[in-house]
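Participant: missing the sequence, but the structure's below:
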DNA sequence: ATGGCGATGTGATGTTATTACATCAACATC
DNA sequence: GATGTTGATGTAATAACATCACATCGCCAT
């Protein structure tokens, strides 16, 4: 169960990064974001990474570990999202975000049974989406 | 459901990398492996990455996406391992590897429902292990 | 012996992420 | 108004992770 801290007003850089991610339907790497934002004055990776860090804290952006990239949250207003799973199409890059209570309860259960204090869970499925499979 | 292809005899480099990983109780990065193996003649990252790639194919090593590092499989003889989950202690680096049929069936179920052709699943829990929590 | 093939060696390069340090704006306190 | 504090920002350098391109070698089937 992750706690997304409440999001205050975003700063200029955070807004720029979030908007850039929201315009995309798929994930972007930090450096791709940097390139897109150069015209808005971004000059260094750190500007992107700092904005991303906050956006992730606020639950507005997710990091996809298996891609080293970042995606806008698809239900940013659902403040209660716990464990989130991602289905990532390797053909088209599309990402589906979903939760499953049973998965969450099994993983939490394992943690409880093993006295493991869970702080963050990554669930990422790689494969081919329905559309790409059809094509 | 991952398919681990049957492992043939390992090559010299694969053997060296696997042995190095097996000696550790936690994960190692490719570059840490490289450093450890310099005395055995390793000189370039690619030697490590190539060996790792095969070892992963054979199911003898797992990649931890959230750590960019690699760990020897804890049940390398269990040829049937499907989805594997990892519990990673952020204090001591210890990794517990386990499977859960229910988790697997829920994620497979989602994939089937969404016509998503699943090729590989990453499940990584970060937190604090029982020992570190006690200490 | 010749060709094919998988493994290896090597250097250069590409990509992702962080460290260190300087500056700035907003706001509070004296 | 001067001063301190805090969070955001700017910038350069560097660290950490991963791949590309190309040459070579050993093995084995023809």
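Facilitator: Looks like it arrived, so ask away. What you see is a predicted model; the values in this text were computed from it and never measured. Numbering: from 1, shown residues only, chains lettered A, B, ... in the order given.
Participant: for the residue in chain A positioned nearest to DNA strand D, give me its contacts.
Facilitator: Of all residues in chain A, residue A:11 sits closest to DNA strand D, at 3.1 Å by C-beta to the nearest atom of the strand. The C-beta positions use only the backbone N, C-alpha and C, and glycine is treated the same way. Applying C-beta atoms under 8 Å, 6 or more residues apart in numbering or on different chains to residue A:11 gives the contacts A:51, A:54.
Participant: what ranges does chain A have for its strands?
Facilitator: Using DSSP state E, the strands of chain A run over A:61-64, A:69-72, A:85-89, A:95-98, A:117-128.
Participant: which secondary structure elements does the second one contact?
Facilitator: When contacts are defined as 3 or more C-beta pairs under 8 Å, 6 or more residues apart in numbering or on different chains; DSSP states H and E, strand A:69-72 packs onto helix A:12-23, helix A:30-37, strand A:61-64.
Participant: out of these, deepest packed?
Facilitator: Mean neighbour count (mean count of other C-beta atoms under 10 Å in any protein chain shown) peaks for strand A:61-64 among the helices and strands packed on strand A:69-72, with a mean of 21.
Participant: are the helix or strand of chain A with the lowest mean pLDDT and chain B in contact anywhere?
Facilitator: Between all helices and strands in chain A, the lowest mean by mean pLDDT, DSSP states H and E belongs to helix A:130-134, at a mean of 93. Yes. Contact of helix A:130-134 with chain B (C-beta under 8 Å from any C-beta of the partner chain) involves A:130, A:133.
Participant: please read off the pLDDT at the most far-flung residue of chain A relative to its centre from the model.
Facilitator: In chain A, residue A:113 marks the outermost C-alpha relative to the chain mean, sitting 28.3 Å out by C-alpha atoms, centre = their mean. Listed pLDDT for residue A:113 reads 97.
Participant: go on, the one 3 residues further on?
Facilitator: Each residue has a pLDDT score; the one for residue A:116 is 97.
Participant: ok, now residue A:8?
Facilitator: Per the predicted model, pLDDT is 72 at residue A:8.
Participant: okay, residue A:124 and chain B: tell me how far apart.
Facilitator: As judged by C-beta to the nearest C-beta, to the nearest Å, residue A:124 and chain B stand 4 Å apart.
Participant: these two touch, right, that residue and residue A:68?
Facilitator: No. Using C-beta atoms under 8 Å, residue A:124 makes no contact with residue A:68, being 11.7 Å away.
Participant: and the two? Which one has more around it.
Facilitator: residue A:124 (22 against 13; other C-beta atoms under 10 Å in any protein chain shown).
Participant: what's next to the least confident helix or strand of chain A, contact-wise?
Facilitator: The contact list for helix A:130-134, computed with C-beta under 8 Å, 6+ apart, reads A:89, A:91-92, A:94, B:114-117.
Participant: try stretch A:98-105
Facilitator: So stretch A:98-105 is in contact with A:1, A:81-87, A:123, B:102-103, B:106-107, B:110, going by C-beta under 8 Å, 6+ apart.
Participant: just give me the least confident of these.
Facilitator: The member of these with the lowest pLDDT is residue A:1, at 46.
Participant: how about the residues of chain A by chain B?
Facilitator: Residues of chain A lying near chain B (C-beta under 8 Å from any C-beta): A:65-66, A:85, A:87, A:89-90, A:96, A:98, A:100, A:102-103, A:106-107, A:110-111, A:114-130, A:133.
Participant: what sits against residue A:95?
Facilitator: A:26-27, A:64, A:71, A:86-89.
Participant: what's near enough to touch residue A:113?
Facilitator: Going by C-beta under 8 Å, 6+ apart, the list of residues near residue A:113 is empty.
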